[in-house]
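K.L.:
this one's structure only:
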């Protein structure tokens, strides 16, 4: 099934933000934002425990979505995906 420009770029432009990470990790988005502040800055907090596994999972999901998009676009033109 062909994919149009708007649909393809919608997938490409999907962004993961503090809110999604907060939901996945079971914390408030505010605490995620505070953990991203420079150490020593007023309001800085330590990252939530277990953040590495959650971020890795979200990154893999994002990578899979982008790989699927790349494959669909490459197959449309009969060209191999760029490595």
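P.N.:
The structure has been received and is ready for your questions. Everything numeric here is computed off the predicted structure, so don't read it as measured data.
K.L.:
so who does the most centrally placed residue in the chain touch?
P.N.:
Central residue of the chain (CA atoms, centre = their mean): residue 16, 4.0 Å from the mean position. Going by CB atoms under 8 Å, 6 or more residues apart in numbering, residue 16 touches 58, 62. Using the backbone N, CA and C atoms, a C-beta is placed for each residue, glycine as well.
K.L.:
how close does it get to residue 61?
P.N.:
9 Å (CB to CB, to the nearest Å).
K.L.:
residue 69 now?
P.N.:
Taking CB to CB, one finds residue 69 at 13 Å from residue 61.
K.L.:
repeat for residue 71
P.N.:
16 Å.
K.L.:
so between residue 69 and residue 61, which is more surrounded?
P.N.:
For the pair residue 69 and residue 61, the greater number of neighbours falls to residue 69 (18 against 12), based on other CB atoms under 10 Å.
K.L.:
thought that one was touching residue 11?
P.N.:
Yes - distance between residue 69 and residue 11: 4.8 Å, which falls inside the contact criterion (CB atoms under 8 Å).
K.L.:
check the protein for its longest helix and report it.
P.N.:
Longest helix in the chain, counting residues (DSSP state H): helix 51-77.
K.L.:
which helix or strand contains the closest residue in space to residue 38 that isn't next to it in sequence?
P.N.:
Spatial nearest neighbour of residue 38, chain neighbours left out: residue 44 (6.8 Å); criterion: CB to CB, 6 or more residues apart in numbering. Assessed by DSSP states H and E, residue 44 sits outside every helix and strand.
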